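Asker: what follows is a predicted protein model with its sequence.
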Amino acid sequence: MTHERDRTLRVGALSRVEGEGAMLVRARGGKVERVELQIYEPPRFFEAFLRGRAFTEAPDITARICGICPVAYQMSACNALEDACGVGVDGPIRDLRRLLYCGEWIESHALHIYLLHAPDFLGYPGAVEMAADHREIVERGLRLKKAGNEILNVLGGRSVHPINVRVGGFFRAPTPAELAPVAELLRRARDDARDTVRWTASLDFPDFEQDYLYVALRHPTEYAVIDGRIASSDGLDAPVAEFDEHIVEDQVPHSTALHARLRDGRLFMVGPMARYALNRALLAPIAREAATEAGLERVCRNPFRSIIVRAVELLHACDEAVRLIEAYVEPDRPAVEVAPRAAVGHGATEAPRGLLYHRYEITAHGEIVTARIVPPTSQNQAQIEDDLRRFVEPRLAMESAELTHRCEQAIRNYDPCISCSTHFLDLRVVQT
Amino acid sequence: MSRTDRSTRRQPQAASRPPMVVIGVGNPFRRDDGAGIEAARLLRDIVPEGVEVFERDGEPAALLDAFEIAPVAYVIDAVVSDDPPGRVHRIELGGEGDAAVPSSPRRDSSHALGLGDAVALARALDRLPERLVLIGITGASFEAGDELTPAVRRAVKKIAASVARELAQLQEAD
């Protein structure tokens, strides 16, 4: 007999996420007994492609893992390879890297907030339908995205899969005159981002507070993005080189992406909510004030409210980009020399979706022997499943279509990038 | 599909607004999905002076920006249909004809926000060109690879030549 306490929710192809995946939630006797985020996007074997390639090729090869966050891959690769070669990059070249990364955050956060996540809150199947009734809001999102794209165009050489990044820095550094018009766009974007924080805070959120263990990079003086130590909300503080000592990955049968957990088995979350919880004090003052004004708690524990956190980070990135351009002095040379040596190097940066770890072993001639890449979505995967389990159980009386939709929204809270983790999202509700 | 985004111009942007643009859409590393890109590459050498040619991956925001460049836009993209490979579909919006654009069949990822969505979004935001001609070429294979299948390759050549002729006629009529 069909009973609301026994049900299966399925989404066969999740929408408004990056990549291909499905969801299955099965409940029996009022208890959720199975939750699977099924990533069926084929495995992509990037780590194997890298073997035997020159270390200088890694930034361009790994950039191809994702069209939304290529800069994150380039930067984590550069960090890891420079670490292997014993080279540090600072001064204006490091600032240009921060600027490029701001562009990616702006682009990615604007896309997720406005085109992928907002339709859930406003009750539309997608951005197109939303645009008909909320034209100004969608225009604002597109303007913001364009400002981020422009940073990538000018500094990266093009807006997707930038071609100007190399181990040691850039192939060519922009002139201050080339960056000036970008700053102009970004000042407008900063106003738009402030409005974004206010607007996202006005949305309705389901009551769903969870006690998350947050993991993010931490830097002594910056809201960590391009480097830092690994920190957690329960006191972990470790160099990136010890990533493997603290985080382990397992294969699960229902997904082509690996599942990550802390070594002691606990789940954790990476991404905007984790960064905000650990590094709030280091946000640009304008972003911190906007967060306070919007009523965003110091540690946000409701993943549906991640849209506000993402808006706060969007504002931070716009402000930081403006400040970096205003203070920019063209470096004497666009990159530092990086000579290979036989070594292992580790690197991590904060991709828009969370911590992205790379590890490379290279020979004295600079050939890559092994590569390891741990993207944020695979780290979040087990946590997403746990959210679904906790979210569904008290709501089993809800009508199937509505509950399924809510589950999809809960998945989109993470802005999952399935192409990176390999790819996922298709949700199903089955009555048994 | 990956987000390649190569913008190419036949000549440096003129100070005045170009009268027409051609936008080739697709992913050249997914075989026939690269039909629009290949058409754009062929057209770059044969379009009349002043017409700008772009290559785009289909990402809606970038298409919307390209729509704003000129009052007349031709968009060439690969399509999936039950027709024989190489069959050409044409939809005109604005001008004398106006028609609905089918949306992407599957909206299961942000990748799948396609041309139909971009046109719908442009319409909702009042950002459609005065005249938009959408040309779809039915593909046979969308597997990984950088070669078009023979029927699609032939269709692309024909389409490039006929679009170039059409653009020249439009320019003369102006």
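Answerer: Ah, there it is. Owing to the predicted nature of the structure, the values given are computational and were not obtained by experimental measurement.

Asker: need the pLDDT of the residue nearest to residue A:326 when sequence neighbours are not counted.
Answerer: The shortest distance from residue A:326 to any non-neighbouring residue, by Cβ to Cβ, 6 or more residues apart in numbering or on different chains, is to residue A:183 (6.6 Å). The C-beta positions use only the backbone N, C-alpha and C, and glycine is treated the same way. Residue A:183 carries a pLDDT value of 97.

Asker: let me know the secondary structure of residue A:183.
Answerer: Under DSSP: H, G, I helix; E, B strand; the rest coil, the three-state class of residue A:183 is helix.

Asker: my read: it touches residue A:323, true?
Answerer: No: counting by Cβ atoms under 8 Å, residue A:323 is not a contact partner of residue A:183; they are 9.4 Å apart.

Asker: quick check: the residue nearest to residue A:326 vs chain B, distance?
Answerer: 20 Å (Cβ to the nearest Cβ, to the nearest Å).

Asker: wait, what's in contact with that residue?
Answerer: A:321-322, A:325-326 (Cβ atoms under 8 Å, 6 or more residues apart in numbering or on different chains).

Asker: low-confidence regions, the chain specifically.
Answerer: Assuming you mean chain A. For chain A, applying pLDDT under 70 flags the ranges A:1-4, A:17-20, A:40-44, A:418-432.

Asker: wrong one, I was asking about chain B
Answerer: By pLDDT under 70, the weakly predicted segments of chain B are B:1-17, B:95-114.

Asker: so where do the helices sit in it?
Answerer: For chain B, the helices defined by DSSP state H occupy B:35-44, B:60-67, B:115-124, B:150-173.

Asker: which of these is buried the deepest?
Answerer: Counting by mean count of other Cβ atoms under 10 Å in any protein chain shown, helix B:35-44 has the highest mean neighbour count of the helices of chain B, with a mean of 25.

Asker: counting contacts, what elements does that helix pack onto?
Answerer: Secondary-structure packing of helix B:35-44 (3 or more Cβ pairs under 8 Å, 6 or more residues apart in numbering or on different chains; DSSP states H and E): strand B:20-25, strand B:52-56, strand B:72-79, strand B:131-138, helix B:150-173.

Asker: do you know which of the ones you listed lies nearest residue A:123?
Answerer: Comparing the helices and strands packed on helix B:35-44 against residue A:123 with Cβ to Cβ, the closest turns out to be strand B:131-138 (29.6 Å).

Asker: check contacts around the closest residue to residue A:52 other than its chain neighbours.
Answerer: Distances taken as Cβ to Cβ, 6+ apart put residue A:367 closest to residue A:52, at 6.3 Å, once the chain neighbours are dropped. Residues near residue A:367 by Cβ under 8 Å, 6+ apart: A:52-55.

Asker: what's the closest of the residues you listed to residue B:66?
Answerer: residue A:53 (34.6 Å).

Asker: near the closest one, how many other residues are there?
Answerer: 16 (other Cβ atoms under 10 Å in any protein chain shown).

Asker: what of residue A:352?
Answerer: For residue A:352, the neighbour count with other Cβ under 10 Å is 29.

Asker: ok, it touching residue A:70?
Answerer: No: at 11.2 Å, residue A:352 does not count as touching residue A:70 under the criterion of Cβ under 8 Å.

Asker: common neighbours of these two, please.
Answerer: Common contact partners of residue A:352 and residue A:70 (Cβ under 8 Å, 6+ apart): residue A:104.

Asker: quick revisit: take the helices and strands packed on helix B:35-44 and lay them out in a markdown table including distance to residue A:393.
Answerer: Formatted as a markdown table, the helices and strands packed on helix B:35-44 follow (distance: least, Cβ to Cβ, whole Å):
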| stretch | distance to residue A:393 |
| --- | --- |
| strand B:20-25 | 44 |
| strand B:52-56 | 45 |
| strand B:72-79 | 44 |
| strand B:131-138 | 46 |
| helix B:150-173 | 51 |
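
Asker: for the ones you listed, which one sits closest to residue A:380?
Answerer: Ranking those by proximity to residue A:380 (Cβ to Cβ) places strand B:52-56 first, at 30.9 Å.

Asker: quick one: residue A:289 from residue A:45, how far?
Answerer: 46 Å (Cβ to Cβ, to the nearest Å).

Asker: neighbour count: the two, which is higher?
Answerer: For residue A:289 versus residue A:45, neighbours defined as other Cβ under 10 Å are more numerous around residue A:289 (15 against 9).

Asker: roughly how far apart are the more buried one and residue A:150?
Answerer: To residue A:150, residue A:289 is 26 Å away according to Cβ to Cβ.

Asker: equivalent analysis for residue B:31, please.
Answerer: For residue B:31, the distance to residue A:150 equals 32 Å [Cβ to Cβ].

Asker: please apply the same query to residue B:141.
Answerer: For residue B:141, the distance to residue A:150 - Cβ to Cβ - is 36 Å.

Asker: of these two, who's got more company?
Answerer: The neighbour comparison of residue B:141 against residue A:150 (other Cβ under 10 Å) goes to residue A:150, with 20 against 15.

Asker: tell me the SS of residue A:397?
Answerer: Per three-state DSSP, residue A:397 ends up coil.

Asker: same check on residue A:93?
Answerer: Classification of residue A:93 using three-state DSSP returns helix.

Asker: isn't it up against residue A:337?
Answerer: No: using Cβ under 8 Å, residue A:93 makes no contact with residue A:337, being 12.0 Å away.

Asker: looking at those two, which one has more neighbours?
Answerer: Neighbour count, other Cβ under 10 Å: between residue A:93 and residue A:337, residue A:93 has more, with 18 against 10.

Asker: just give the nearest non-adjacent residue to that one, would you?
Answerer: Nearest residue to residue A:93, sequence neighbours excluded (Cβ to Cβ, 6+ apart): residue A:169, at 4.2 Å.

Asker: pull the number of nearby residues for that neighbour.
Answerer: 25.

Asker: and residue A:98, what is it in contact with?
Answerer: Counting by Cβ under 8 Å, 6+ apart, residue A:98 touches A:222, A:225-226, A:320, A:324.

Asker: and which of those is nearest residue A:60?
Answerer: Using Cβ to Cβ, those come closest to residue A:60 at residue A:226, 18.1 Å.

Asker: the closest one contacts residue A:79, doesn't it?
Answerer: Yes: Residue A:226 lies in contact with residue A:79 (Cβ under 8 Å); the separation is 7.5 Å.

Asker: list the residues that contact both of those two?
Answerer: With Cβ under 8 Å, 6+ apart, residue A:226 and residue A:79 have common neighbours residue A:349.

Asker: can I get the buried part of the contacts of residue A:183 as one ChimeraX selection?
Answerer: Command for ChimeraX, covering only those of the contacts of residue A:183 found buried under the criterion 16 or more other Cβ atoms under 10 Å in any protein chain shown:
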select /A:321,322,325
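
Asker: hmm, back to that, any chance of the contacts of residue A:367 in TSV, with secondary structure and distance to residue A:202 too?
Answerer: Listed next are these as TSV, based on DSSP: H, G, I helix; E, B strand; the rest coil; distance: Cβ to Cβ, whole Å:
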residue	secondary structure	distance to residue A:202
A:52	coil	53
A:53	coil	49
A:54	strand	51
A:55	helix	48
